[in-house]
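Asker: got a predicted model here, sequence first, then my questions.
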Amino acid sequence: MADLKFLNKLRVTGTQIKQDARTYVSRIYNRAGTLFTEASPFAQILGVMSEMSELIMFYLEDSLVEQNIYTAQQAESIYGMSRLTGHDATRGFAAFGEVSFRWKPGADFSKIAGTGLTFDGRAVLKFDSNGLKYTVQTSRDAFRVEKSNKNPFTCEIIQGEYEIQTLTGTGENLQSFNVSVRGLTDHNKVTVYVNGEVWTKHNSLYDMNANEKAFLVKTGIGGGLDIYFGNGSFGMPPANGATIEVEYIKHGGEKGNLRDGSDLTVKWETEGEDSVGELHDLNEFFDVTVTSAPKMGANRESTEFTKILTPLASKSYVLATPDNYEYFLSKYNQYSYIDAYNRTEDQYLDDDNVVYIFAMPDFKRKVTSDQDYFSLPEQEMFFTQSEYDAMYQVLQNSGQMMMASEVKFVEPQVKKYSMDVSIRYFEGFSKHEIMNDIRAAISNYMMNITRRDKLPKSDIVYILEEIEGIDSVNVRFISQKEEDALRLGYYESVITTIQPQEPVTLEDIGNGKQKYVFFQKIEESTLVNITAGDPIPDNIRGLDQWGDIIIGQDEVAVFRGGWLDRDGDTVADDVRMNEEAALSINFDSKPVPRTIYTRLQAGNRRALK
């Protein structure tokens, strides 16, 4: 029996076990006077067993990895585990906007029989700028526009087109169906008809009343939509043979977003019908004006984003806390940063039920191939008022906002800085090439940074030292606020005080609601004179004692020019070499010689990182 103990417990890898087994079998063959080769039966059996063992170990390892949402790689595993926590992975959102249309001046009404035109209440429009189709959103089945009506018609549009798939009920409790859909569907706009009757959508089975005509819709783990019905105690199961129609919108996600103010050309895809049934091209008779460009379109939630959102999922389906608002809006996947918070730490109690939302767009999506951080128009770095209005509309349409709470979107306070970069460089390298590399590296950093407390110089130094040809780097941030104070000889200090008052003032908070205000917030502004050498407080100049940028809760630091320094010279809104600018790159007068020693030291330095 001792001969059978051929496996060494200290050799536990698959290759080692296989080698020990081959050695043992070879020794047995030799005792029998038989040559052991790869063609021997036991060698072939050993090879097959080795391959099978590797597959078994692979599946065991894979199953362990896929059981943890943070280590899982398969989309089905990630979406499945997120469903168990109550998070329904977003299927995407269709962009929505508003248009108005009216009769064209001078339209030839003689071509239209009768008193006007009738067309589908879900008429389809097409935008030339992106080539996508948009569907008119109305409660009516059809539009009837009389020739005598010269007033414009205003209606909402949504990017995409409606589709319907038909299923058949089984009569069983807790019926479930997977609706296979290729492409994106809107996460919210799903309607279910059972025998032609609209049923109510709920977020949870326990929200359904007994025998209520209701359903649940979830993102399919393998794609598409999963539709669930009740069991009698919670919701009603469709009868055996019942016709179930599932209507949804297929859309293009973020491709459907368009900018306000741009030249938007719209064409009708739907035709109109006159009184005798003759069809007419609506483009011949109606002018269309885009009153609000489509926005808030989003792609399907990525698996990496699902891993982040899953722990934040609200089980109450109510927008009550700041975390709930962050979770809800983050699903639209168009923010580089979003922060929802209360101001309960101050003495102004009248806003303790207000949820303030500070949001920054992911402007990387707006940068074209010939743009970067420094050439992107400054207004593209922030949301417009119409975009804030669209966000608020999304929150209202969700039906999840608590009656007692308010929402206010915070307009970022822009603080301008310039960046002065000093470079020692090696000989043999082009200063213009190094300058372009520096611009690209800093631009990439600024478009991806999400840190909200400070912007340290060390980050910039670290990424620039990686650029080939640079020996050493020094970075200095220059504050517009500090330069203004030094040029003018004073700075403005604002002190806020809170005082109780008689609750006689009514404040309109929208939706026809008003509230009493019990406190008065008073802001007193004073000018503080300074002379040469006087220190300027860190909160005024926006820089700490180390020269790092301090970022307040509602503030955004941008590197932009267009302002004056302490000497009255204009800081250029550009990237310049050896000039004052938003990004000023200054090279040492003499390059560092490229000796064997300096090359060795540069290599050693990089190896230490």
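Answerer: Thanks, I have the structure now. Numbers count the residues shown, from 1 in each chain.
Asker: strands of the stretch 401-550 of the chain, residue ranges please.
Answerer: 406-409, 413-425, 454-455, 470-479, 490-508, 514-529, 549-550 (DSSP state E, counting those that start in this stretch).
Asker: do the same with the stretch 1-150 of the chain
Answerer: Under DSSP E, counting those that start in this stretch, the stretch 1-150 of the chain gives strands at 96-103, 116-120, 124-127, 133-137, 142-146.
Asker: could you list the buried residues of the shortest one?
Answerer: Residues of strand 124-127 classed as buried by neighbour count (16 or more other C-beta atoms under 10 Å): 124-125, 127. For glycine as for every other residue, the C-beta is placed from the backbone atoms N, C-alpha and C.
Asker: what strands flank it, and is each parallel or antiparallel?
Answerer: Each strand paired with strand 124-127, and its direction, by DSSP bridges: strand 133-137 (antiparallel), strand 266-268 (antiparallel).
Asker: looking at the strands of the stretch 401-550 of the chain, which has the lowest confidence?
Answerer: Lowest mean pLDDT of those: strand 490-508, a mean of 72.
Asker: name the spans of the protein whose pLDDT lies under the cut-off.
Answerer: 1-7, 9-10, 12, 262, 314-316, 349-350, 500-516, 597-599, 602, 604-609 (pLDDT under 70).
Asker: and it, what are its domains?
Answerer: For the chain, the structural domains run 2-66, 96-160+254-295, 162-251, 314-411, 414-489+530-587, going by automatic domain parsing.
Asker: is it possible to get JSON lines of the ones you listed that adds distance to residue 301?
Answerer: Formatted as JSON lines, the domains of the chain follow (distance: least, C-beta to C-beta, whole Å):
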{"stretch": "domain 2-66", "distance to residue 301": "19"}
{"stretch": "domain 96-160+254-295", "distance to residue 301": "12"}
{"stretch": "domain 162-251", "distance to residue 301": "8"}
{"stretch": "domain 314-411", "distance to residue 301": "7"}
{"stretch": "domain 414-489+530-587", "distance to residue 301": "18"}
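Asker: wait, which of the ones you listed is closest to residue 82?
Answerer: domain 162-251 (8.9 Å; C-beta to C-beta).
Asker: can you give me how far the closest one is from the chain middle?
Answerer: 28 Å (C-alpha atoms, centre = their mean, to the nearest Å).
Asker: okay, how far is it across it, tip to tip?
Answerer: 9 Å (C-alpha to C-alpha, to the nearest Å).
Asker: now stretch 172-192
Answerer: 18 Å.
Asker: the domains of the chain: which one's closest to residue 594?
Answerer: Using C-beta to C-beta, those put domain 414-489+530-587 closest to residue 594, at 5.2 Å.
Asker: how far does that closest one sit from the chain's center?
Answerer: 28 Å.
Asker: same question for stretch 276-291.
Answerer: Using C-alpha atoms, centre = their mean, the offset of stretch 276-291 from its chain centre is 37 Å.
Asker: what residues does it touch?
Answerer: Here stretch 276-291 makes contact (C-beta atoms under 8 Å, 6 or more residues apart in numbering) with 97-104, 107-108, 111-114, 117, 119, 123, 125, 145, 152, 154, 258, 264, 266-268, 270-274.
Asker: buried residues, the longest helix along the chain. List them.
Answerer: Counting residues, the longest helix found in the chain (DSSP state H) is helix 41-66. Residues of helix 41-66 classed as buried: 46, 50, 66 (neighbour count, 16+ other C-beta under 10 Å).
Asker: columns distance to residue 460 and mean neighbour count on top of the strands paired with strand 124-127, output as TSV?
Answerer: Shown next, in TSV, are those (distance: least, C-beta to C-beta, whole Å; neighbours: other C-beta atoms under 10 Å):
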stretch	distance to residue 460	mean neighbour count
strand 133-137	43	22
strand 266-268	45	17
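Asker: how about those in JSON lines, adding distance to residue 532?
Answerer: JSON lines is the format used below for the strands paired with strand 124-127 (distance: least, C-beta to C-beta, whole Å):
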{"stretch": "strand 133-137", "distance to residue 532": "61"}
{"stretch": "strand 266-268", "distance to residue 532": "61"}
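Asker: related to what we said a few turns ago, mind putting the buried residues of strand 124-127 into CSV with distance to residue 347?
Answerer: Below are these laid out as CSV (distance: C-beta to C-beta, whole Å):
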residue, distance to residue 347
124, 55
125, 52
127, 50
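Asker: name the nearest of the residues you listed relative to residue 304.
Answerer: residue 127 (30.9 Å).
Asker: show me the beta-bridge partners of the closest one.
Answerer: Under the criterion used (DSSP bridges), residue 127 bridges to residue 266.
Asker: would you list every one of the helices in the stretch 201-350 of the chain?
Answerer: Here the stretch 201-350 of the chain has its helices, by DSSP state H, counting those that start in this stretch, at 303-309, 322-330.
Asker: point out the most buried one among those.
Answerer: A comparison of the helices of the stretch 201-350 of the chain by mean neighbour count, using mean count of other C-beta atoms under 10 Å, puts helix 322-330 on top with a mean of 19.
Asker: so residue 88 touches residue 221, yeah?
Answerer: No - contact criterion C-beta atoms under 8 Å: residue 88 and residue 221 do not qualify, at 10.7 Å.
Asker: and the nearest residue to residue 474 once chain neighbours are set aside, what does it touch?
Answerer: Spatial nearest neighbour of residue 474, excluding adjacent residues (C-beta to C-beta, 6 or more residues apart in numbering): residue 422 at 4.3 Å. By C-beta under 8 Å, 6+ apart, the contact set of residue 422 is 473-476, 586, 588.
Asker: beta partners of residue 422?
Answerer: residue 474, residue 586.
Asker: can you pull out the strands in the stretch 151-300 of the chain?
Answerer: Applying DSSP E, counting those that start in this stretch to the stretch 151-300 of the chain gives strands spanning 153-159, 161-168, 176-179, 184-194, 197-198, 200-202, 214-219, 225-228, 243-251, 266-268, 271-273, 279-281, 286-295.
Asker: my guess is residue 73 meets residue 66, correct?
Answerer: Yes - at 7.3 Å, residue 73 and residue 66 qualify as touching, with contact defined as C-beta under 8 Å.
Asker: what kind of secondary structure is residue 368 in?
Answerer: Of the three states, residue 368 takes coil under DSSP: H, G, I helix; E, B strand; the rest coil.
Asker: distance of it from residue 204?
Answerer: From residue 368 across to residue 204, the span is 44 Å (C-beta to C-beta, to the nearest Å).
Asker: of the two, give the one with the bigger neighbour count.
Answerer: residue 204 (12 against 8; other C-beta atoms under 10 Å).
Asker: how about the more buried one, what does it touch?
Answerer: Contacts of residue 204 by C-beta under 8 Å, 6+ apart are 216, 317.
Asker: how close does it get to residue 237?
Answerer: For residue 204, the distance to residue 237 (C-beta to C-beta) stands at 17 Å.
Asker: cool, residue 183 as well?
Answerer: With C-beta to C-beta as the criterion, residue 183 and residue 237 are 30 Å apart.
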